[in-house]
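1. Show me the folded form of this:
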Amino acid sequence: MQTVFVTGATGLLGNNLVRLLLERGVRVRALARSSAKAEAQFGQIPALEVIEGDMQAVAHLVPALAGCDVVFHTAAYFRESYGGGKHWAMLKRINVDATSELIAAAHAALHSY
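-> Alright, predicted model coming up:
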């Protein structure tokens, strides 16, 4: 069975992706900031493993990437209203820097597998 890792699993895009993957018989490791929220959304499904964490600490996700065939990155930091650039540092940290860290970690996990 194929195993995939999905970031942003409880968000709008990630939630629907996780459901689709599970319907297709894929084993999913779902990154969620809250395991309680993930359980409320998905219930307890044998093929679903919730990984509690977030993109601010990609290094902590490395063990969960081991053995994954694919990584779907749907997590993002955003704000509903424009704040004049006040949250630019966090936007860059999560959406640019952490994404780069995730790609490097996934690549390393693939080559150590």
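2. after the lowest-mean-pLDDT helix or strand in the chain, next one along is what?
-> The helix or strand of the chain with the lowest confidence, counting by mean pLDDT, DSSP states H and E, is helix 88-92 at a mean of 88. Next helix or strand after helix 88-92 toward the C-terminus (DSSP states H and E): helix 99-112.
3. Distance from the least confident helix or strand of the chain to the middle of the chain?
-> 18 Å (Cα atoms, centre = their mean, to the nearest Å).
4. what about dumping the CA coordinates of that helix to CSV?
-> Only the C-alpha atoms of helix 88-92 are listed here, as CSV (Å, rounded to 0.1, in the frame of the first residue of the first chain):
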residue,chain,number,x,y,z
TRP,A,88,5.4,39.4,6.1
ALA,A,89,8.1,37.7,8.3
MET,A,90,5.7,34.8,9.3
LEU,A,91,4.4,34.5,5.7
LYS,A,92,8.0,34.1,4.5
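5. Give me the contacts around that helix.
-> 77-78 (Cβ atoms under 8 Å, 6 or more residues apart in numbering). Backbone N, C-alpha and C define where each C-beta goes, glycine included.
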